[in-house]
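Undergrad: any chance you can model this:
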Amino acid sequence: MSRTVAALALLAAFAVPTHAEPLLERAQSRGTLNVCTSDEFPPFKTLDAQGKPAGLIMDLIVDLQQQLSAEVGQPLKLQLVQVNPLNRLLFLDQGRCEVLVTSLLDTPARRREVDFASPGFYSSAATVFAPKSTAVPDWQSLRGKTLCAPATSVWVRPFESRYGVQFASFNGTAEVRKAVADSRCLGAMGDDALYNALARQPEWADYEVKLPGQDPAPWGIALRKGQPALLAAVSGIVEGWHAHGVIIDLEQRYGLTPNAWVAQQHARASHE
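TA: This is a model prediction of the structure:
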């Protein structure tokens, strides 16, 4: 049985309240799909000319809402729940949203807290973003230097140990960007995909990504544990995005550098 067929079979139970899983049963009852999401670097997530959320991640959220609505046979209005790196997993665990769609890295440690749809939908690796005038020839040159990073970054401890980097921690990426602009650290450590996109923004023209990425990981859609049918359904939707080249098309639409991991997922999914 294919993943999509299996997901649809599981979703058939959603129409019967006595068999529905708690989160999706509640979503159907209120007619709203709550999606936790956060601020991201443009063009992954930004505001359009009307002040509405837009970008690659927002497009995927809307498609996810539409596909889940079609599969359960009921319109589900989209409700965005704003989160930050410090509260996003807490909100998910509390059931404030059915899914969390951000640039959240799918790691073994996080899988002990939440479930991730498989496969992920994008990928990134750790890099350093700093002024063009700042010399960062290699990772070893960062020993004893201070980088800014979100407090929840999975890369802080490994890079402290591996390269002797010191870190100034902040609640989120907006605070990190402000600290870098204020020269409160040599630069930022973060996702190469995000910072490559940020470097193309006019206000960051004097900054650049300094080093090739290390410790790559996929971005996964996260769900509270104990929702196997919803997890199967979301995984099937993400698999379809890769099979049909949806994410590659969005990269082209937003002028992003092609992501090699996404290309690999497309090649695999389109030939299965």
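Undergrad: that's a helix at A233, yeah?
TA: Yes. Judged by DSSP: H, G, I helix; E, B strand; the rest coil, A233 forms part of a helix.
Undergrad: okay, now it: neighbour count?
TA: 26 (other C-beta atoms under 10 Å). Every residue, glycine included, has its C-beta placed from N, CA and C.
Undergrad: kindly report the same for I247.
TA: Using other C-beta under 10 Å: I247 sits among 22 other residues.
Undergrad: now it: how far from L256?
TA: 10 Å (C-beta to C-beta, to the nearest Å).
Undergrad: G31 now?
TA: According to C-beta to C-beta, G31 stands 34 Å off from L256.
Undergrad: neighbour count winner among these two?
TA: L256 (20 against 12).
Undergrad: quick check on the residue nearest to the more buried one when sequence neighbours are not counted: phi, psi?
TA: Closest residue to L256 apart from its sequence neighbours, by C-beta to C-beta, 6 or more residues apart in numbering: A197 at 6.3 Å. Per-residue torsions, A197: phi -70, psi -40 (degrees, to the nearest 10).
Undergrad: make 455 the first number, not 1, from now on.
TA: Got it, the first residue is 455 from now on, which makes the last one we talked about A651.
Undergrad: so what's A651 up against?
TA: By C-beta atoms under 8 Å, 6 or more residues apart in numbering, A651 lies in contact with 495-498, 710.
Undergrad: now the element after the helix or strand of the chain with the lowest mean pLDDT, going C-ward?
TA: Across the helices and strands of the chain, mean confidence by mean pLDDT, DSSP states H and E is lowest for helix 457-465: a mean of 46. Per DSSP states H and E, helix 457-465 leads on to helix 476-484 as the next helix or strand towards the C-terminus.
Undergrad: list the buried residues for that next one?
TA: 477-479, 481-482 (16 or more other C-beta atoms under 10 Å).
Undergrad: picking up where we left off before, kindly state the pLDDT recorded for the residue nearest to L710?
TA: A651 carries a pLDDT score of 94 in this model.
Undergrad: circling back to that earlier point, mind listing the shared neighbours of I701 and L710?
TA: Joint contacts of I701 and L710 (C-beta under 8 Å, 6+ apart) are L510.
Undergrad: can you map out the strands along the stretch 605-726 of the chain?
TA: 620-624, 641-645, 661-663, 668-673, 676-677 (DSSP state E, counting those that start in this stretch).
Undergrad: if I look at the residue nearest the centre of the chain, how far off is Y708?
TA: What sits nearest the mean C-alpha location of the chain, by C-alpha atoms, centre = their mean, is S557, with 2.0 Å. Separation of S557 from Y708 (C-beta to C-beta) stands at 14 Å.
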